[in-house]
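> Turn this into a model:
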Amino acid sequence: MLGALATVLDSLSQATLAQVPETVHSSGGYLPWIISAAIAFLGLVVYGGSDLLRLHWRRIWAIAGVCQTESLRRRVLWVTPLAIIGVIVVSQFQQPADAQDAIRQTTKFCLFASGLLVTIVAIILACTNLPREIENRIIYTIVTKPTTRLEIVLGKVLGFARVSALIIILMGLFTLLYLEARTRPMLAQIKAQLAAEPANSPLRPTLEYYINSGLLGTRSLVWPEDLQIYSRPPENSKLKWIAGGEAEYFLVGFDLTPEQKSMLQQLVQLAEDNKPIPLYFRARLNVEQHKPDAAEQKMIREMGLDRVAVPKREPSRRFGPFMPSTAPATAPATAPATRPIDAPPPAQLAVRFMDEKGDPLNDVAHPGSSGDIITLKRGAGPQPWEGEFSVTTDTIGRLVSAGRFYAQVTGQSPATEYGLDNAPVLFQTPLPGIAPIKPVADPTNPAAGAAPQLLAFPVRHGMRLPTVLSSGDGPLAVYTFRNVSSIPSGNGRAGIQVAAYIDKTGEFDLGTDYSRATLQVVNLKTGQKSAQIPFSPETSRSQPVPVDAQYMVGGNFDVLIRNVTPGQWLGVSGGEAGSVALVTAAQSFPVNLAKSLFILWLLSLLVVIISVFCSTFLSWPIAVVLTLLLLLGHWGVDQLSDTLKPGFGRSVPGEFGVRDPATTQVISYSVDKMGAMLRGVGAVLPDVSKFPVMEDIDRGVSIPPARVGEALSVLFCYGLPMLVFSYVILRRKEVAP
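Prediction:
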């Protein structure tokens, strides 16, 4: 019976996925547009051409007016004051970080209440209207008139969209007036606080910005192209430096060609034939070591690196990539000689191979083997240093199976810095005539070059940025901006928005309770460097740091962030909505609010279309349920994305104590197939996350036209076909004698 169930699930999943080409699973591609246009052509032109020719906007507008009037008679607008009262009450219990945070939280409450209100009203009105008219025979008076079924569908959608627009306008006006009323007393308090702050307070720039720009200020932002963590500022040298002992690493990607896979498979076969030929993973880096300071001495002792016989440590799993454990090593039975603490330990690297999902490919059956650690040795000259390890046969097999994978190389030794060029590591074998396997920057784009990515291990928010070294330099986050055109000319002032998170707080005494960090801008065209501008990071709050625009002339510059608070980590992240952005312009908050409300109205229009579609062939209670399932289906699959990954089924039998191999295989196979079916179904449902009503406005960022474009694309690709299906179903349905 279990085998039959597995067969049925297999056929169903194959049928489902066969109807969902790969391009539909991705957010891009023209296939959804083509399918939507084809459905509209077949339904409106081929099937309903006569009704399309008779279409008249006056009849549509009249039907829409009737729907709106009936909705208002049902007193749906009376719910709006209840939502307003709820927002006012909830906003009084918030605990904001500062005045601007209070305004942004209030904005979120207003938009959330508006979205919830308009969605519920749209579903109830649109799902109950047509079934109620059919049941009460009111529709008889409509279909007996010279009105087509297409005009009925369009009129009802337009009527309920007008009701949604009216609710959104009322909530929008309330939002604007309420925020303005809350802003005025807060600005007065900020002015009083600024007058009381000392001249050297790190809060003064932020308070002055709030006064000059207002708490409702809206900014246009440019995000950096890249973020990397260096141990030294990037100079004109070809070398990039990472620090050891601070969980910094570099990442390089490999994309094996068919010839390279064949060569590696031959090595595996030779090993099975007892004719092993090693495959070496070699590293060639510059190394500079210094006398350990107090913090580094403590780290050396904790890691067990103060011993002559350096023990190897087993890997441990953290959230994010694999990294070597920093737990103290177990001392051997006979205590070896102790390494002088004023000397740095051997220069070591820890290597992990990972597939594109971040799963390990190393020989996990032998943790702590030679495949984990590379000890670098000085060459004939002062630089560079070299080291290697032999890759095990099992690991080679996994690398060949993966094809595309990454090598994560961690700086292991404290009091050590590692300098690397664009090709610091490679695979090599002593077989004659075999070229080494070199990395590429991105396995999905082999032509991108082989520059490694310098990163740090994750903390709660982004990557860990430790405190600078006692020498005054040390780990720093480097954000790269390229080809930026919107920069103030001359000697104007430009703002760098920073949102770094405090991830670890130690005991420090700086005379104040403020955390400290610095920001520096380096112009790549002129070579000019700004001073290190101090600012005070706070968790969950972004702040502007003013910088002279001359350091950004040309549009190519780097922004360097340093953490100067002892005993503290900062969490920094890159990309859009990351920790650093360039403020290019200030815009009007009412305009930004109007954009957000327009996106909300587009979402309500999609809700109305889906509700009308469901009400054409279902009773209104079932239509409400199906509408919610269609709207939330894609979101639900996204929330289960980790659970629905292939291979999850293997963990299910163990959770229920199943030990029989045959039963385990059937259950695992069935769960994976059901997951594939859900992924296929979720791919063809509308993605409501493409209607970001609160995301940008909550961060004080101007909503770009692309956000509106994404919402319109979902409305076209899913709303238009459902509108056509509603017309086709209603035309074929007998609703009157």
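> Now do the helix or strand containing A594: which elements does it pack against?
A594 is part of helix 589-615 when elements are defined by DSSP states H and E. Packed against helix 589-615 by the contact rule (3 or more Cβ pairs under 8 Å, 6 or more residues apart in numbering; DSSP states H and E) you find helix 99-135, helix 149-196, strand 218-222, helix 620-639, helix 695-698, helix 705-714, helix 720-732. Just so you know, the C-beta spots here come from the backbone N, C-alpha and C atoms, and that holds for glycine as well.
> can you redo the ones you listed as TSV with distance to E356?
Written out in TSV, the entries for the helices and strands packed on helix 589-615 read as follows (distance: least, Cβ to Cβ, whole Å):
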stretch	distance to E356
helix 99-135	35
helix 149-196	42
strand 218-222	29
helix 620-639	19
helix 695-698	27
helix 705-714	26
helix 720-732	34
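> what ranges of the stretch 151-300 of the chain fall below the confidence cut-off?
Segments of the stretch 151-300 of the chain classed as low confidence (criterion: pLDDT under 70) are 202, 236, 246.
> can you rerun that using 90?
When the per-residue scores of the stretch 151-300 of the chain are filtered using pLDDT under 90, the ranges that remain are 152, 184, 187, 189-223, 231-239, 243-248, 268-277, 288-300.
> end to end, how far does stretch 710-718 reach?
One end of stretch 710-718 sits 12 Å from the other (Cα to Cα, to the nearest Å).
> Look up phi and psi at W33.
Backbone geometry at W33, expressed as degrees, to the nearest 10, gives phi -70, psi -40.
> Tell me the secondary structure at the residue lying closest to it once chain neighbours are set aside.
In space, and not counting its chain neighbours, W33 is closest to C717: 6.2 Å by Cβ to Cβ, 6 or more residues apart in numbering. The three-state assignment at C717 reads helix, by DSSP: H, G, I helix; E, B strand; the rest coil.
> gap between C717 and L376?
C717 sits at a distance of 54 Å from L376 (criterion: Cβ to Cβ, to the nearest Å).
> ok, now T80?
In this structure, T80 and L376 are separated by 69 Å, where distance is defined by Cβ to Cβ.
> pull the longest strand from this protein.
The strand that spans the most residues within the chain, counting by DSSP state E, is strand 280-289.
> and it, what does it pack onto?
Counting by 3+ Cβ pairs under 8 Å, 6+ apart, the elements that strand 280-289 packs against turn out to be strand 348-355, strand 385-390, strand 416-420, strand 425-428.
> now the stretch 401-550 of the chain, which segments are flagged as low pLDDT?
Applying pLDDT under 90 to the stretch 401-550 of the chain flags residues 401-404, 411-416, 421-423, 430-435, 439-452, 457-462, 464-475, 483-517, 524-528, 532-550.
> re the thing from before, off-centre distance for the helix holding A594?
Here the centre of mass of C-alpha atoms in helix 589-615, compared against the chain's by Cα atoms, centre = their mean, to the nearest Å, lies 24 Å away.
> Equivalent analysis for stretch 694-702, please.
16 Å.
> Please apply the same query to stretch 193-210.
Per Cα atoms, centre = their mean, the displacement of stretch 193-210 from the mean C-alpha position of its chain is 34 Å.
> and the residue nearest to K529 when sequence neighbours are not counted, helix, strand or coil?
Of all residues beyond its chain neighbours, the one nearest K529 is V522 (5.0 Å), with distances taken as Cβ to Cβ, 6+ apart. State at V522, reduced to three classes by three-state DSSP: strand.
> Run a quick check on V522 versus P233, I expect a contact.
Yes - at 7.4 Å, V522 counts as touching P233 under the criterion of Cβ atoms under 8 Å.
> So between the two, which is more surrounded?
In this comparison of V522 against P233, neighbours counted by other Cβ atoms under 10 Å, the higher total goes to V522 at 19 against 15.
> who's in contact with the more buried one?
Applying Cβ atoms under 8 Å, 6 or more residues apart in numbering, one finds that V522 lies in contact with 233, 528-530, 551, 557-558, 560.
> Buried only: go through those for me.
Buried positions within the contacts of V522, assessed by neighbour count (16 or more other Cβ atoms under 10 Å), are 530, 551, 557-558, 560.
> Among those, which ones are in strands?
If you go by DSSP E, the buried ones among the contacts of V522 have 557-558, 560 in strands.
> pLDDT for the residues you listed - can I get that in TSV?
Putting those into TSV (pLDDT from 0 to 100) gives the following:
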residue	pLDDT
F557	92
D558	93
L560	94
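> Looking at those residues, which is nearest S588?
Distances from these to S588 were compared by Cβ to Cβ; the smallest belongs to F557, at 28.3 Å.
> which ones are touching that closest one?
Listed by Cβ under 8 Å, 6+ apart, the contact partners of F557 are 481, 484, 521-525, 551.
> any idea which of the residues you listed has the most stuff around it?
Top of the contacts of F557 by neighbour number is V521, holding 26 neighbours under the definition other Cβ under 10 Å.
> For beta bridges, what are the partners of that one?
The bridge-partner assignment for V521, based on DSSP bridges, gives V559.
> didn't it look like it was pressed against G527?
No - the pair V521 / G527 is not scored as a contact, 12.0 Å apart, by Cβ under 8 Å.
> Excluding chain neighbours, give the residue nearest to A62 in space.
G155 (7.2 Å).
> From R149, how far off is that neighbour?
With distances defined as Cβ to Cβ, the gap from G155 to R149 amounts to 11 Å.
> where along the stretch 251-400 of the chain do the helices fall?
Ranges of helices in the stretch 251-400 of the chain, per DSSP state H, counting those that start in this stretch, are 258-272, 294-302, 393-402.
> Please convert these to a markdown table, extending it with mean neighbour count.
Formatted as a markdown table, the helices of the stretch 251-400 of the chain follow (neighbours: other Cβ atoms under 10 Å):
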| stretch | mean neighbour count |
| --- | --- |
| helix 258-272 | 15 |
| helix 294-302 | 17 |
| helix 393-402 | 18 |
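> Which one, of those, ends up nearest to R493?
By Cβ to Cβ (comparing all of the helices of the stretch 251-400 of the chain), the closest turns out to be helix 294-302, at 37.5 Å.
> Give me the angle between the closest one and strand 416-420.
90 degrees (axes from the mean of the first three to the mean of the last three Cα atoms, to 10 degrees).
> Helix 294-302 packs against which elements?
In terms of contacts (3+ Cβ pairs under 8 Å, 6+ apart), helix 294-302 is not packed against any helix or strand.
> So S530 sits against Q520, correct?
Yes - using Cβ under 8 Å, S530 and Q520 qualify as a contacting pair, with a distance of 5.6 Å.
> Please report how far L251 lies from Q408.
When distance is defined by Cβ to Cβ, L251 is 6 Å away from Q408.
> neighbour-wise, which of these two wins?
The neighbour count for L251 versus Q408, taken as other Cβ under 10 Å, is higher for Q408 (21 against 17).
> Spell out which helix or strand contains the more buried one, please.
Residue-wise, Q408 maps onto strand 404-411 under DSSP H and E.
> same for that strand, what does it pack against?
Using 3+ Cβ pairs under 8 Å, 6+ apart as the contact test, the elements touching strand 404-411 are strand 248-255, strand 322-324, strand 348-355.
> Specify the stretch among those strands that is closest to A37.
In this view, the helices and strands packed on strand 404-411 are compared for proximity to A37 by Cβ to Cβ, and strand 248-255 is the closest at 36.7 Å.
> quick one: buried residues of the closest one?
Counting neighbours by 16+ other Cβ under 10 Å, one finds that the buried residues in strand 248-255 are 248-255.
> likewise stretch 686-705?
Within stretch 686-705, the residues that count as buried by 16+ other Cβ under 10 Å are 686-688, 690-694, 696-697, 699-703.
> which of the buried residues of strand 248-255 sit farthest apart?
Of all pairs drawn from those, the greatest distance, 24.7 Å, lies between E248 and D255 (Cβ to Cβ).
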